[in-house]
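Asker: Provide a 3D model corresponding to the input given below.
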Amino acid sequence: MIGFEGAIAVEARGHSGGLAMLWKNKEKVTLNSLSNNHIDVTVEVHGLHKFRLTGFYGEPNRAKRYETWNLLRRLSTEPLSPWCIIGNMNNVLNQLDKRGGRLYPNHLIQGFQSILDDCNLHDLASEGYQFTWERSCGPDERIEIKLDRALINDSLMAQFAEAKLTNLEISTSDHDPIFLEPMVVTNVISVAHFRFENAWLKEPMCKKIMEDTWHMNQGKTLQDKIVICSVVLQKWGKEITGCFKNCINQCKMIMKMVKGRTDANSRKLYKEESKKLKEIYSQQEIFWRQRSKQLWLREGDQNSKFFHSSTKMRRKINHITFLANNADVQNSVLLDDIDTKEVKDALFHMHPDKSPGSDGMSPGFYQKYWSTMGEDVVNVVKKFFANGTFDKHLSIL
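Answerer: The predicted structure follows:
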């Protein structure tokens, strides 16, 4: 009667609970599991990978809220695929999700936050009115809470990059409905290019890779050395910047295990892991700082920025042999040969996190290993000023 070919329902328990899921094409949805608190299905959309959709109702009894966490944890162990959980979670993620009445119990907030972290789920930001549930507590007081939301994993976020969740304000229920629009974005196949991560600069192995590349390839051009070095660094670097979360969790686990012990070995281990954790956090900060839009998108700099810096005081246009004001001294300075100090100063005046050029190397890479590669860089710059040619595959920042 209402135009749906498929439907699954879970009966309400008294005045609470009750779930229903309806869809128009019965061949496109497969039931995985259900309970009093969830309906989990696999949805097949033409032209896209299958994804999981879970209608959810969190345990309303706070004393039994752990049952909600356990259910989410069990569901997260299913085969990894794009996954969305949507419904009434009966919990908030922070105190800003509640207005009026007493503060929400912190242990429940922390429990909800922890389970999302354990299950690698993200709270999808919503548009519209902030709260989805309300209750009047007298003529002048009202309690409002954001209980209804959508949680998604990384895979679904990638597949539906512009998914939109809206809180609809018109409802006869104490809960306002929420509306999820997947907004599928067609993926464009792109070639991944190497990019040096400044977080690697804190790793001794990075220095060794770079120095070995230079020493083993004497006589080759700067471009060739950069290409060889980037191939090795890309393979090695994935193990460093690709597992920040695992490394952080491992450090925390060890620190928690030995914390409070008074023997010398435990104190030593705690100190070592604490130092390691700080180092990982520092690398992670550098990793994301290097991706900051303020630095990466402010200017599309490649080759030109280096030479704008190095020629700031020596505007050499074609062959300058005479200045209009006959300032012979200034003219002489402009026509002097490039020296190592001038090149180094120009390079070290650049922010180490500035975006790289086509060679993938950041200013931080050249600055950190100047003692090894500086001569090669200077030679390339001198060649440019001598004959006006420059290898297009190098950025030299």
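
Asker: mind naming the longest helix for the protein?
Answerer: helix 264-289 (DSSP state H).

Asker: against which helices or strands is it packed?
Answerer: helix 222-241, helix 244-258 (3 or more CB pairs under 8 Å, 6 or more residues apart in numbering; DSSP states H and E). Every residue, glycine included, has its C-beta placed from N, CA and C.

Asker: so which of the ones you listed gets nearest Thr132?
Answerer: helix 244-258 (30.2 Å; CB to CB).

Asker: for Asn61, find the nearest of the helices and strands packed on helix 264-289.
Answerer: Of all the helices and strands packed on helix 264-289, helix 244-258 sits nearest to Asn61, with 29.9 Å by CB to CB.

Asker: follow-up on the earlier one: got the angle between the longest helix of the chain and helix 222-241?
Answerer: 130 degrees (axes from the mean of the first three to the mean of the last three CA atoms, to 10 degrees).

Asker: buried residues in helix 264-289?
Answerer: Residues Leu269, Tyr270, Glu273, Lys276, Leu277, Ile280, Gln283, Gln284, Ile286, Phe287 are the ones in helix 264-289 that count as buried (16 or more other CB atoms under 10 Å).

Asker: same question, stretch 44-57
Answerer: Applying a neighbour-count criterion of 16+ other CB under 10 Å, the buried positions in stretch 44-57 are Phe51, Arg52, Leu53, Thr54, Gly55, Phe56, Tyr57.

Asker: gap between whichever helix or strand the fourth one is part of and the chain center?
Answerer: So the one you mean is Thr54. Using DSSP states H and E, Thr54 sits in strand 51-57. Distance, stretch centre to chain centre, for strand 51-57: 25 Å (CA atoms, centre = their mean, to the nearest Å).

Asker: renumber starting at 832 from here on
Answerer: Yes, from this point I'll number from 832; that puts the last item at strand 882-888.

Asker: list the strands paired with it, with their directions.
Answerer: strand 869-874 (antiparallel), strand 914-919 (parallel) (DSSP bridges).

Asker: residues in contact with the helix or strand that comes right after the last one?
Answerer: Pointing back at strand 914-919 there. The first helix or strand that comes after strand 914-919 along the chain, using DSSP H and E, is strand 929-930. Defining contact as CB atoms under 8 Å, 6 or more residues apart in numbering, one finds that strand 929-930 is touched by Val923, Tyr935, Phe962, Ile974, Glu975, Ile976, Lys977.

Asker: most neighbours among those residues, which one?
Answerer: Neighbour tally across the contacts of strand 929-930 (other CB atoms under 10 Å): the maximum, 24 neighbours, falls on Lys977.

Asker: which residue is the nearest non-sequential neighbour of it?
Answerer: Closest residue in space to Lys977, ignoring its immediate chain neighbours: Asp928 at 4.1 Å, by CB to CB, 6 or more residues apart in numbering.

Asker: one more: Asn925?
Answerer: Ile940 (6.2 Å).

Asker: residue ranges for the helices of the stretch 1082-1228 of the chain, please.
Answerer: All helices of the stretch 1082-1228 of the chain, identified by DSSP state H, counting those that start in this stretch, fall at 1095-1120, 1124-1127, 1134-1141, 1159-1166, 1171-1179, 1194-1199, 1201-1218.

Asker: export these as TSV, with columns for distance to Lys859.
Answerer: Putting these into TSV (distance: least, CB to CB, whole Å) gives the following:
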stretch	distance to Lys859
helix 1095-1120	39
helix 1124-1127	39
helix 1134-1141	52
helix 1159-1166	72
helix 1171-1179	58
helix 1194-1199	50
helix 1201-1218	57
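
Asker: in terms of mean pLDDT, which of those helices ranks lowest?
Answerer: Ranked by mean pLDDT, these end with helix 1124-1127 at the bottom, a mean of 43.

Asker: shaky segments in the stretch 982-1131 of the chain?
Answerer: 1000-1003, 1014-1023, 1070-1074, 1119-1131 (pLDDT under 70).
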